[in-house]
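> Could you look at this predicted model? Sequence included:
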Amino acid sequence: MSDLSSPSALHDAFFALHHGLPRQGPGSDATTRRLLALAGPLPARPRVLDLGCGPGRSALLLAAEAGAEVTAADTHEPFLDELRAAAAARGLTGSVHPVRADMTAPPFPDGSFDLVWAESSVFVLGFDRALAAWRRLLAPGGTLVLTECVWTTGDPAPEARAFWDAHYPLRTAAELSAAAVGAGYHVLGSFTQPDGDWDEYYLPLAAHADAADTSVPGMAEAVAGARAEIALRRAHGGDYGYAGLVLRPADPRWPTRAERPADHAAVRELTAAAFGSPAEAELVDALRADPDAWLPGLSVVAEAPDGSVAAHALITRCRVDGAPAAALAPVSVAPAHQRSGAGTAVVRAALDAARLAGERLVLVLGHPEYYPRFGFVRASAYGIRPGFEVPDEAMMALVLDGSGPVPAGRIAYPGAFGV
């Protein structure tokens, strides 16, 4: 093998080509901020681990805007040197701590971080391995934030399929969400990143490729690889993209599952006890009997340690100006298990089930101090309103799939609700 194509020459040329780029994969400050918002409330000074940080664009933003104490890990020392210089220039040396470390085996104690962050880097070990390997790093209530390349169509062009199958086989964002739920995480939010995130990476990379000295060993191959990747994106960018996912490990104290026929009596008893009257229990029974309202798999229970039903959440079909949507109601927790996390566990599990079933929009009429923790916001922000008078802040909406427009208009509930 000649020096021009030796692995070491290709390795060195690749990093030389990428040296000085503002980021090492598709992304933007706006996407980092959106991911941060989906992570929800954080401690006053959150502990963040940025894995595969590269030159540290995300680490710098998290330190500056979230007040985070950021451990930024990468194996490429020149990237860490860039980050040290940038942190010093921004007065963030005390908040950003670059560390040379391997993201496939992070050398940090269990439970060390409130956020584990990985933008454009999870491919190094793969999505499934990352979920398994990084869970231990999260403190109780901690959140895993990552971005990953995904198919955005079920029928990609043969050229795109061949490229990605050879380099890094892709899945859809829905398939990644299903894998995360199967691995014991809740999906707090996910979205496909805008096309501009690719420009933030590829435009500077293309300029580096144009200016590169291809007489340097390995550089001609590195430039050819970069140009081929950019050309593929130009030709078939509608077939694939990057997706952001915000994940939190499920609470192991409260295992959840879909309701079974044998649970009906327990759900009825629990719901009546939680609300102090039979009305809501009768509502659940009526919705279960309505084929136009009932959504299979979206009646979810949380189990107590003794196997009894501790909590229940129900999502049924409603409509917004004729477009299908979903209504979360009722949510019931047995009096003995209230304020113990069972309600949170069952609501998150029901929302996961709705997401995996392809529901795009969930509505809830409930306590405005409680439901925003799940990502709900005022429905009126989307032009959605009920057909009866309620406080504006109590009618809330959660968009599970932001790939298309959110329907606006009046909510039509199933007849069992009586509204």
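That came in fine, so what should we check first?

> what about Ala206, neighbour count?
For Ala206, the neighbour count with other Cβ atoms under 10 Å is 15. From N, CA and C alone the C-beta is placed, and that goes for glycine too.

> my bad, Ala357
Ala357: 14 neighbours (other Cβ under 10 Å).

> Contact partners for it?
295, 297-298 (Cβ atoms under 8 Å, 6 or more residues apart in numbering).

> secondary structure element for the residue nearest the centre of the chain?
Closest residue to the average C-alpha location of the chain: Leu245 at 2.0 Å, with Cα atoms, centre = their mean. Per DSSP states H and E: Leu245 is located in strand 240-249.

> Mind jotting down where the helices sit in the stretch 51-200 of the chain?
57-65, 77-89, 127-134, 158-167, 173-182, 196-211 (DSSP state H, counting those that start in this stretch).

> would a markdown table of these with distance to Gly241 be doable?
What follows is the helices of the stretch 51-200 of the chain, written out as a markdown table (distance: least, Cβ to Cβ, whole Å):
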| stretch | distance to Gly241 |
| --- | --- |
| helix 57-65 | 18 |
| helix 77-89 | 25 |
| helix 127-134 | 15 |
| helix 158-167 | 11 |
| helix 173-182 | 9 |
| helix 196-211 | 8 |
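
> for the ones you listed, which one ends up most surrounded?
Greatest average neighbour count among the helices of the stretch 51-200 of the chain goes to helix 57-65 (a mean of 23), per mean count of other Cβ atoms under 10 Å.

> now for that one, which elements pack on it?
helix 29-38, strand 47-51, strand 69-74, helix 77-89, strand 96-100, strand 113-118 (3 or more Cβ pairs under 8 Å, 6 or more residues apart in numbering; DSSP states H and E).

> okay, the longest one in PDB with CA atoms only?
Put plainly, it is helix 77-89. Output in PDB follows, covering the C-alpha atoms of helix 77-89 (Å, rounded to 0.1, in the frame of the first residue of the first chain):
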ATOM      1  CA  GLU A  77      -6.500  16.900  20.700                       C
ATOM      2  CA  PRO A  78      -6.400  19.700  18.100                       C
ATOM      3  CA  PHE A  79     -10.200  20.000  18.400                       C
ATOM      4  CA  LEU A  80      -9.800  20.300  22.100                       C
ATOM      5  CA  ASP A  81      -7.200  23.000  21.600                       C
ATOM      6  CA  GLU A  82      -9.600  24.900  19.400                       C
ATOM      7  CA  LEU A  83     -12.200  24.700  22.200                       C
ATOM      8  CA  ARG A  84      -9.800  25.800  24.900                       C
ATOM      9  CA  ALA A  85      -9.000  28.900  22.800                       C
ATOM     10  CA  ALA A  86     -12.600  29.700  22.100                       C
ATOM     11  CA  ALA A  87     -13.600  29.200  25.700                       C
ATOM     12  CA  ALA A  88     -10.900  31.600  26.900                       C
ATOM     13  CA  ALA A  89     -11.900  34.200  24.300                       C
END
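
> who touches the residue nearest to the centre of the chain in this structure?
145-148, 173, 176-177, 180, 187, 189-190.

> Could you list the buried residues of the longest strand along the chain?
Ranked by residue count under DSSP state E, the longest strand found in the chain is strand 138-151. Residues 138-139, 142-151 are the ones in strand 138-151 that count as buried (16 or more other Cβ atoms under 10 Å).

> could I get those as JSON lines with pLDDT?
Listed next are these as JSON lines, based on pLDDT from 0 to 100:
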{"residue": "Leu138", "pLDDT": "98"}
{"residue": "Ala139", "pLDDT": "97"}
{"residue": "Gly142", "pLDDT": "97"}
{"residue": "Thr143", "pLDDT": "98"}
{"residue": "Leu144", "pLDDT": "98"}
{"residue": "Val145", "pLDDT": "98"}
{"residue": "Leu146", "pLDDT": "97"}
{"residue": "Thr147", "pLDDT": "98"}
{"residue": "Glu148", "pLDDT": "98"}
{"residue": "Cys149", "pLDDT": "98"}
{"residue": "Val150", "pLDDT": "98"}
{"residue": "Trp151", "pLDDT": "98"}
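
> Among the residues you listed, give me the pair with the biggest separation.
Ala139 and Trp151 (33.3 Å; Cβ to Cβ).

> Leaving out the residues flanking it, which one is nearest to Glu77?
Nearest residue to Glu77, sequence neighbours excluded (Cβ to Cβ, 6 or more residues apart in numbering): Arg100, at 5.9 Å.

> can you pull the pLDDT of the residue nearest to the centre of the chain?
Leu245 is assigned a predicted lDDT (pLDDT) of 97.

> Look up the residues forming beta bridges with it.
Leu146, Ser190 (DSSP bridges).

> mind saving the C-alpha coords of stretch 229-243 as PDB?
Provided in PDB are the C-alpha atoms of stretch 229-243 (Å, rounded to 0.1, in the frame of the first residue of the first chain):
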ATOM      1  CA  GLU A 229     -20.800  13.400   0.200                       C
ATOM      2  CA  ILE A 230     -21.700  17.000  -0.600                       C
ATOM      3  CA  ALA A 231     -22.800  16.000  -4.100                       C
ATOM      4  CA  LEU A 232     -25.000  13.200  -2.800                       C
ATOM      5  CA  ARG A 233     -26.700  15.700  -0.500                       C
ATOM      6  CA  ARG A 234     -27.400  18.100  -3.400                       C
ATOM      7  CA  ALA A 235     -28.800  15.300  -5.500                       C
ATOM      8  CA  HIS A 236     -30.800  13.400  -2.900                       C
ATOM      9  CA  GLY A 237     -31.200  15.700   0.100                       C
ATOM     10  CA  GLY A 238     -34.900  15.000   0.200                       C
ATOM     11  CA  ASP A 239     -34.300  11.400   1.000                       C
ATOM     12  CA  TYR A 240     -32.300  11.800   4.300                       C
ATOM     13  CA  GLY A 241     -31.600  14.300   7.000                       C
ATOM     14  CA  TYR A 242     -30.600  14.800  10.600                       C
ATOM     15  CA  ALA A 243     -32.900  14.400  13.500                       C
END
